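*Asks:* Sequence plus predicted model, see below.
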Amino acid sequence: MRRVLALVIAVLLVMGMLAGCQKKAEVVETNTNENGAQVEAANNLSGKTVTVGRWGGNDSETAAFNKAVTDFTAKTGIKVVEKVYSDYNTELQVELIGGTAPDVFYVDAYMAPFFIEQGVLTPLNGNDFEIDAFYQSLRDAFIQDGKVYAISKDYSTLALYYNKKYVNEKDIPTTLEELWNGDFLTNLKKTLPEGMAAMTYNQDLARKMHIAQAGGASIVKDDTLSNIADPAIVNNLRPLIEAAQKGKIVTPKDLGVGWNGDALGNEKTAMMIEGNWVLGHMAQNFPNIEFGVMEVPTFAGKKGTMVFTVGYGINTASKEKEAAAEFIKYITGKEGMTTWTTGAGVLPSRKDVADATNVASDINKIPHIAGAAYATPWQKGTTMDTINNEFKNYLPAIVKKEKTLEEGLKLAQEEANKIILGNK
């Protein structure tokens, strides 16, 4: 509880102080030739250094990022210093307050409204970044009042993965209700090697927002307040929680691994629901594991999944805005995005890159691409980080039956709203 209280206080201070350090932002303009094609970085930018803030990824993501950075420096002469954060949003906000934040940093779509509101993102000239080449929903995630604040680097959706050695796709229930409440997982568990789980899950609202909001419910009310204790949301989450309480589904941590990708690769679990970022991880680290991918089973009679996108934005306090803009143009351009997405296993947010890399021919990516047509974006107002943090804080106690689902979500809602209201 002391750690939780300390974190709450820290978030209060961070968000309150951040609101007081807004700066007037100017649109970053870069040179273009008369045909509108992007001009190479000016000679005076060679030797410049830009810092790029990102969270840590798996080995394939790290390798792909490093390759893109190496190619960018060779092409422009601009050096890149990488800053990797463990508690990304909290640490980044502290640095934004202290004036030590990187020139360029990841902007998760769900955090974009908050960062825009705080004035820490520099508006960008969309034409300079070929914004029309991007899928509309992915570019719109970072546009507010007609201004572009970040450029999407990729996108991912969730799909169901299974180990072909132990699971036949035809046997997998077609609905989540049946998957969680029926006998499939129980019977599957009996056929698996000792210690192997039938299915893993994540204790994160970002993975289940589409479930929580089934039937028109909303996890946010009055634009900013948490609404996760709404009876409709409680009922929507009940099948998942009951499956977890019965041990039908477990977390990767329960199996002694850090995340779903390692659980599947090390044959700690037979099934999981995960994003397509796992594809590069499996290819690089577990090439001998035969797995299949299918769309997430329906819930409440409808198809559903989550879609995530992250963009690159420029810090308004950056002293190297031109070099920062060149980095973003490259990393989200045809060449850089091709290097990144093919190596990391994520999906290109540019239509031309998707066509050039022929992503639709990859049988394992097809379910992810299909899901994008009906997926729920992980974005809703400026307080999602707080709402999600409190959800994650109380979910373990619910799963352990230390609190009922109603009690736990009510407490999570109350704690989130205390923080949200305290920062107004």
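*Replies:* Thanks, I have it.

*Asks:* drop to CA atoms for contacts and neighbour counts, all remaining ones
*Replies:* OK.

*Asks:* So the residue positioned nearest the centre of the chain versus Arg139, what's the distance?
*Replies:* The residue lying closest to the centre of the chain (Cα atoms, centre = their mean) is Phe308, at 4.9 Å. When distance is defined by Cα to Cα, to the nearest Å, Phe308 is 12 Å away from Arg139.

*Asks:* do Glu414 as well
*Replies:* From Glu414 to Arg139 the distance is 34 Å (Cα to Cα).

*Asks:* Give me the more crowded residue out of the two.
*Replies:* A count of neighbours by other Cα atoms under 10 Å puts Arg139 above the other of Glu414 and Arg139, at 24 against 19.

*Asks:* Make sure Ala150 is actually in contact with Gly311.
*Replies:* Yes. Ala150 is within contact range of Gly311, at 5.3 Å (criterion: Cα atoms under 8 Å).

*Asks:* Which one of these two is surrounded by more residues?
*Replies:* Set side by side, Ala150 and Gly311 show more neighbours around Ala150, with 31 against 24, by other Cα under 10 Å.

*Asks:* check which helix or strand covers the residue nearest to the centre of the chain.
*Replies:* In this assignment (DSSP states H and E), Phe308 forms part of strand 306-314.

*Asks:* partners of that strand, with directions?
*Replies:* Using DSSP bridges, strand 306-314 pairs in its sheet with strand 104-108 (antiparallel), strand 151-163 (antiparallel), strand 376-377 (parallel).

*Asks:* before we move on, which element is Lys83 in?
*Replies:* With elements taken from DSSP H and E, the one containing Lys83 is strand 79-85.

*Asks:* Thr342 belongs to a strand?
*Replies:* No. Using DSSP: H, G, I helix; E, B strand; the rest coil, the secondary structure at Thr342 is helix, not a strand.

*Asks:* Now do the contacts for it.
*Replies:* Counting by Cα atoms under 8 Å, 6 or more residues apart in numbering, Thr342 makes contact with Ala64, Thr357.

*Asks:* Asn358 versus that one, what's the distance?
*Replies:* Plainly put, Thr342 is 10 Å away from Asn358 if you go by Cα to Cα.

*Asks:* What score does Glu34 have for pLDDT?
*Replies:* pLDDT recorded at Glu34 is 35.

*Asks:* got the buried residues for the strand holding Lys83?
*Replies:* For strand 79-85, the buried set under the neighbour-count rule, 16 or more other Cα atoms under 10 Å, comprises Lys79, Val80, Glu82.

*Asks:* Work out the sheet partners of that strand and label each with its direction, please.
*Replies:* Partners of strand 79-85 in the sheet, by DSSP bridges, are strand 49-55 (parallel).

*Asks:* what angle separates the next helix or strand after the strand it pairs with from strand 49-55?
*Replies:* Remark: after strand 49-55, the chain's next helix or strand is helix 59-76, criterion DSSP H and E. If you take axes from the mean of the first three to the mean of the last three Cα atoms, to 10 degrees, helix 59-76 sits at 160 degrees to strand 49-55.

*Asks:* Just the residues contacting helix 59-76, thanks.
*Replies:* Here helix 59-76 has contacts from 40-41, 45-46, 56, 78-80, 280-281, 284, 327, 330-331, 336, 339-345, using Cα under 8 Å, 6+ apart.

*Asks:* Distance from the chain centre to it, please.
*Replies:* 21 Å (Cα atoms, centre = their mean, to the nearest Å).

*Asks:* What residues sit buried inside that helix?
*Replies:* Neighbour counts over helix 59-76 (16+ other Cα under 10 Å) mark Ser60, Glu61, Ala63, Ala64, Phe65, Asn66, Ala68, Val69, Asp71, Phe72, Thr73, Thr76 as buried.

*Asks:* Dump it to CSV, keeping only the CA atoms.
*Replies:* Output in CSV follows, covering the C-alpha atoms of helix 59-76 (Å, rounded to 0.1, in the frame of the first residue of the first chain):
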residue,chain,number,x,y,z
ASP,A,59,14.9,-8.6,-29.3
SER,A,60,13.5,-8.4,-32.8
GLU,A,61,12.1,-4.9,-32.1
THR,A,62,15.5,-3.7,-30.7
ALA,A,63,17.4,-5.2,-33.7
ALA,A,64,15.0,-3.5,-36.2
PHE,A,65,15.2,-0.1,-34.5
ASN,A,66,19.0,-0.3,-34.4
LYS,A,67,19.1,-1.2,-38.1
ALA,A,68,16.9,1.8,-39.0
VAL,A,69,18.9,4.2,-36.9
THR,A,70,22.2,3.0,-38.4
ASP,A,71,20.8,3.5,-41.9
PHE,A,72,19.4,6.9,-41.0
THR,A,73,22.8,8.1,-39.6
ALA,A,74,24.6,6.8,-42.7
LYS,A,75,22.1,8.7,-44.9
THR,A,76,21.9,12.0,-43.1
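
*Asks:* Begin at 19 from now on, thanks
*Replies:* Yep, numbering from 19; the last one is helix 77-94 now.

*Asks:* Could you point out which residue ranges in this structure have low pLDDT?
*Replies:* Within the chain, the stretches with pLDDT under 70 are 19-61, 441-442.
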